[in-house]
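Participant: need a structure here:
(one chain, ligands or ions: 2)
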Amino acid sequence: MTDPRTETITGGRPGSGAHRVVALCGPYLSGKTSLLESLLYATGAIGRRGSTRAGTSIGDGAVEARKRSMGTELNIASVDYLGDQWTFIDAPGSIEFQHDAFAALSVCDTAVVVCEPSPERVVALAPLLKYIEDHHIPHLFFVNKIDSAEARVRDMLAALQTVSTRKLVLRQVPIRRPTSDGGEECIGYVDLVSERAYRYKSSGASDLIEMPAEILPRESEARREMLETLSEFDDALLEQLIEDVAPEKSLIYRDLHDEFGADRIAPVLVGAGDRENGVRRLLKALRHDAPVVSVTAERRDLALNGGVTAECFKVLHQAHAGKLSLCRVWSGTVSEGQSVGGQRVGTLYRPFGARLDKIAEAKAGEIVAFAKVDALASGQALTSSGIKPVADAVTADASVFALALKARNRNDEVKLSGALQKIVEEDPSLSFEVRAETHELLLRGQGEMHLKVAVDKLAGRYNIAIDTEIPRVAYRETIQAGATQHARYKRQTGGHGQFADITVEIRPMPRGQGFRFVDKIVGGVVPRNFIPAVEEGLRDYLKEGPLGQTLVDLEVTLVDGQYHAVDSSEMSFKMAARIALAEALPKCKPVLLEPIVKVTVAAPSDSTSRIQRLISGRRGQLLGYDTRPGWLGWDEVSALMPEAEVADMIVEIRSVTQGVGTLRTEFDHLQELTGRTADHIVEEAKKRAA
Ligand SMILES: Nc1nc2c(ncn2[C@@H]2O[C@H](COP(=O)(O)OP(=O)(O)OP(=O)(O)O)[C@@H](O)[C@H]2O)c(=O)[nH]1
Ligand SMILES: [Mg+2]
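Facilitator: Numbering: from 1, shown residues only. Ligands and ions are numbered 1, 2, ... in the order given. Model prediction:
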C-alpha cells in the first residue's frame, strides 16, 4: 500500500517509471568512480565490475583520467532498475575540478556525498557541502571504505556533524569481528529502521543473518539517536518516544523520507563501494527517498511553461559528434531532429561512461546530450520559447593559478586559440588571455593539475604540442628625478634630409598617474602637425626603459624646438623624441616597480595562523582577518603581497588546509623595488632583450 502523503510529496513512488538523477560527489579519491561501477553492476547495467586502479571502469574513460588514476571530468551513466530510470553523475573529487562537481549537483535530484571514514579529513567536504546546503539539495552521506576504517562510525558521525548544518541521521551500524592479526574488520551491518542484520559478501547482495547479541547495546543506542533526531520534526513520533511506545516502522520510513526530501536531515550510510558492500542498501534508500524531477524543478524555482525545458549543464566537444550540450530535460519530450525554440536539435545521445548511445527521444527527467545545438552553452536552458539563461546556474570560481603557453610549432598558433575556446566552453573554470604587458598567452584555472590536464587535452585531442612556463610578472619602472633634455636628429642622405630639434622637461609623477605629455610650444617653433609625432616617439620609447620594463608615472613637457622647412618630418620628430628619453632617463634615477596585489585567503579558522605565517614568509603585509561571510568556522585573511610571491601560493594554502583553502587576488598598486631582487630582475630582462 502506498502512503498518500509520500506520493504527493515526491510526485512518484518506487517503480513508477520516474527518471531520477543522482550526483556522486565527495573529496578526491574517496571512491566515487568505484562506487559508480558497483551501482552499475548491482543494477545489472554491466556484467562485470571493473576497477579504476586497473583502468577498466566505466567511469574515468578519458585518457587524461586513466593516465592519472583520478577523475578529471564527469562520468555519466543511466540504468533501468526495478521499473525506474536512474542517471548517476560521478564527479571528480579534486578541488581543481570542482566546477564539474557543482555542475552535476546543479541538475541532480539528490546527492550522495562519498567520504572516507577518517574524522580528521571531514574538513575536505566543506566547499562541497556549502554548495549542497546553499542550494537545498537533498543529500545523504556514504561513509565509504568501511573495510579499511580505523575510526569508529560514531566518531565519524560526530566529525561529519561539525561540517554539516543539517541534522545527520545514522541509518546503519557496522558489525565488527576481530581478525587473526589482532585487528578488527567490518563484516556487515545492522539496518537501524528494520533492525535486521546483514553480512557482506564480496559480490552480490548481503545475506540476512541473525542479529549478533554483542551489537544490541550499540544498536539500540544508535536507533534511539535516530528516532530522537526525527522526533525534532514530528510531534507524533516525539510523543511516542516520551511515552516509550515503539513507533511503527512505516512512520519512521515516512519521517526519513519527508525530512530528507525537505533537506532537513541528511542520512548517513556506510559501505565499501569497490566491493559492493552496502551498495544495494544505498540503492534502496535512493529508490525510496530521492525526489523526482518535478519536485526538483520546483525546488530550483524553474519556471516551466508546459513546453520543453532542457537545461545545459556541461558542453563537450568531440572529434566525431561535434559539439554536445549535456542537458537535463525538466519538462516535455525532445525528439531527434525536432525544432525547439528555433533551434534544431540534432542527434540525441544517452551517455554511458565514454560511450554515447543514440536515442530517439528524451523525456522529462532524463540526462541527454544534444548534438550540434551550437548556440546552447552551459548555464542556459533550451525552451520552447528560445534559449534562456538559468538564474541559479553554476558560476565559475576565480582562477588561482596560471601558466604561460607556447605552441611548440608556430604554425599551430591559430589552431591553438580555437582549441582553447572549446576547452574553456567545456570548463568555464578555465580562461585564457594574451597579457598585454608580457605578450604571454596565459591559461588560468584552479591549480597546476587542472591546467596540465587542459594542456594534455590540447596535445591529445587537438594535436597541438604545448610548452608551458611560469608566467612572468609585469614589472614596470619609473624615475625618481627630473631632467631637462635637448635632442636633435639630423641626417643628410642625398635628396632632402631629416631634421628635428626638441627640448623636453621630464619629471616624475605620483604612483598610478601613468604617462602625461604636455605641449608648451609657443610661436610655432615646432609646427602643430609634428607635435603628435613627438608624443608618439615618447610613448614608443616608454615601452622599454633603461631597466628593460615599461615606464610609468612620469610627465614629459615639450618646451622648445626647431624645424626645417624642407627636411623636417613626422619621422624625424619621432626620432628626436626617442633620443631625448634615451639620453635623459638613465640620469633620472630609474627604479623598478613591482606589482602588489591585494590577496584574500579563505580557510578554515584552525589554519588561520598558518596562513598568516605563510603570507608573512612571502613578503606579505597582513591587513587583518575576519570571519568568512556565510561560512561557519572559516576565516578570511587579507594582505598586500608582491604578485611574484602569489603565483604559486595556492599550492601551500592547500597543503595547510587539507586542500580546501582558496584565494582571491586583485591588483592594488605598484611599489618601488630595490636591492638584490631588483638587480636580478633587471639582469633577466636584459638577457631576454638580447
Ligand atoms: N579499501 C577500499 N578502497 C576503495 C574503496 N572504494 C575505492 N577504493 C580505492 O580508492 C581509490 C580511489 O577510488 P576511485 O573510485 O577512483 O575514487 P574517486 O572518488 O572516484 O576519485 P576521484 O574521482 O579522483 O576523486 C582506488 O584506489 C580504489 O581502489 C573501498 O570501498 N574500499
Ligand atoms: Mg572518480
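Participant: tell me the secondary structure for the residue nearest to the spatial centre of the chain?
Facilitator: Nearest residue to the geometric centre of the chain (Cα atoms, centre = their mean): H99, 3.4 Å. Here H99 is helix, with the state taken from DSSP: H, G, I helix; E, B strand; the rest coil.
Participant: where does the chain dip in pLDDT?
Facilitator: 1-13, 15 (pLDDT under 70).
Participant: show me the domain layout of it.
Facilitator: Domains of the chain are assigned by automatic domain parsing as 4-298, 308-389, 406-466, 477-588, 592-689.
Participant: and these: which comes nearest A398?
Facilitator: domain 592-689 (5.7 Å; Cβ to Cβ). No exception for glycine: its C-beta is placed from N, CA and C like everyone else's.
Participant: hmm, that closest one in reach of ligand 1?
Facilitator: No: judged by Cβ under 6 Å from any ligand atom, domain 592-689 stays clear of ligand 1, getting no closer than 11.1 Å.
Participant: that domain: end-to-end distance?
Facilitator: End-to-end span of domain 592-689 (Cα to Cα, to the nearest Å): 17 Å.
Participant: who are the contact partners of the nearest residue to Q446 once chain neighbours are set aside?
Facilitator: In space, and not counting its chain neighbours, Q446 is closest to E96: 4.2 Å by Cβ to Cβ, 6 or more residues apart in numbering. Counting by Cβ atoms under 8 Å, 6 or more residues apart in numbering, E96 touches 445-447, 449-450.
Participant: between the residues you listed, which sits nearest ligand 2?
Facilitator: Distance to ligand 2 across the contacts of E96 (Cβ to the ion) is lowest for M449, with 13.7 Å.
Participant: in this structure that closest one contacts S94, no?
Facilitator: Yes: applying Cβ atoms under 8 Å as the test, M449 and S94 come out as touching, 6.5 Å apart.
Participant: more crowded one of these two?
Facilitator: S94 (22 against 18; other Cβ atoms under 10 Å).
Participant: distance check, the nearest residue to that one once chain neighbours are set aside against ligand 1.
Facilitator: Of all residues not flanking S94 in the chain, Y28 sits nearest, at 4.8 Å (Cβ to Cβ, 6+ apart). Going from Y28 to ligand 1 by Cβ to the nearest ligand atom, to the nearest Å gives 4 Å.
Participant: one more: L348?
Facilitator: 27 Å.
Participant: ok, which stretches of the stretch 551-690 of the chain are strands?
Facilitator: 554-562, 590-604, 621-627, 634-642, 662-673 (DSSP state E, counting those that start in this stretch).
Participant: the ones you listed: which one's closest to ligand 2?
Facilitator: Among the strands of the stretch 551-690 of the chain, strand 662-673 comes nearest to ligand 2, with 21.4 Å by Cβ to the ion.
Participant: wait, what's in contact with G44?
Facilitator: Listed by Cβ under 8 Å, 6+ apart, the contact partners of G44 are 79, 81.
Participant: at 10 Å what do you get?
Facilitator: G44 makes contacts with 79-82, as judged by Cβ atoms under 10 Å, 6 or more residues apart in numbering.
Participant: which two from these end up farthest apart in space?
Facilitator: Spatial extent of the contacts of G44 (Cβ to Cβ) is set by the pair V79 and L82 at 10.2 Å.
Participant: what about whatever residue of the stretch 551-690 of the chain ends up closest to ligand 1, distance to L160?
Facilitator: Residue nearest to ligand 1 within the stretch 551-690 of the chain (Cβ to the nearest ligand atom): G659, separated by 11.1 Å. Distance, G659 to L160, by Cβ to Cβ, to the nearest Å: 17 Å.
Participant: just the element for the residue of the stretch 401-550 of the chain found nearest ligand 1, please.
Facilitator: Ligand 1 sits closest to M449 of the stretch 401-550 of the chain, with a gap of 10.4 Å, by Cβ to the nearest ligand atom. In the assignment (DSSP states H and E), M449 maps to helix 448-462.
Participant: which of the residues in that helix are buried?
Facilitator: Buried residues in helix 448-462, counting neighbours by 16 or more other Cβ atoms under 10 Å, are found at 448-458, 461-462.
Participant: and for stretch 647-662?
Facilitator: Of the residues in stretch 647-662, 647-650, 652-654, 656-662 count as buried by neighbour count, 16+ other Cβ under 10 Å.
Participant: circling back to that earlier point, which of the buried residues of helix 448-462 sits closest to R121?
Facilitator: M449 (19.1 Å).
Participant: verify the contact between the closest one and K67 for me.
Facilitator: No: with contact defined as Cβ atoms under 10 Å, M449 and K67 do not form a contacting pair (11.6 Å).
Participant: next up, the contacts around V112.
Facilitator: With contact taken as Cβ under 10 Å, 6+ apart, V112 is in contact with 22-26, 32, 35-36, 39, 88, 90, 139-142, 144, 269, 273, 282, 285-286, 290.
Participant: which of those residues fall in strands?
Facilitator: 22-25, 88, 90, 139-142, 269 (DSSP state E).
Participant: for the residues you listed, which one is nearest ligand 1?
Facilitator: Among the ones in strands among the contacts of V112, D90 lies closest to ligand 1 (Cβ to the nearest ligand atom), at 6.4 Å.
Participant: what's around that closest one, how many residues?
Facilitator: Using other Cβ under 10 Å as the criterion, D90 is surrounded by 33 other residues.
Participant: is it in a bridge, and if so with what?
Facilitator: In this entry, D90 is beta-bridged to L24, N75, by DSSP bridges.
Participant: isn't it right up against S38?
Facilitator: No: counting by Cβ under 10 Å, D90 stays clear of S38, with 11.4 Å between them.
Participant: quick check, L663 in contact with A603.
Facilitator: Yes: contact between L663 and A603 holds when scored by Cβ under 10 Å: they sit 9.0 Å apart.
Participant: now the common contact residues for these two.
Facilitator: 611, 636-637, 653-654.
Participant: before we move on, back to that, can you pull the contacts of the residue nearest to the centre of the chain?
Facilitator: H99 touches 91-92, 314, 378, 394-397, 427-430, 445-446, 450, counting by Cβ under 10 Å, 6+ apart.
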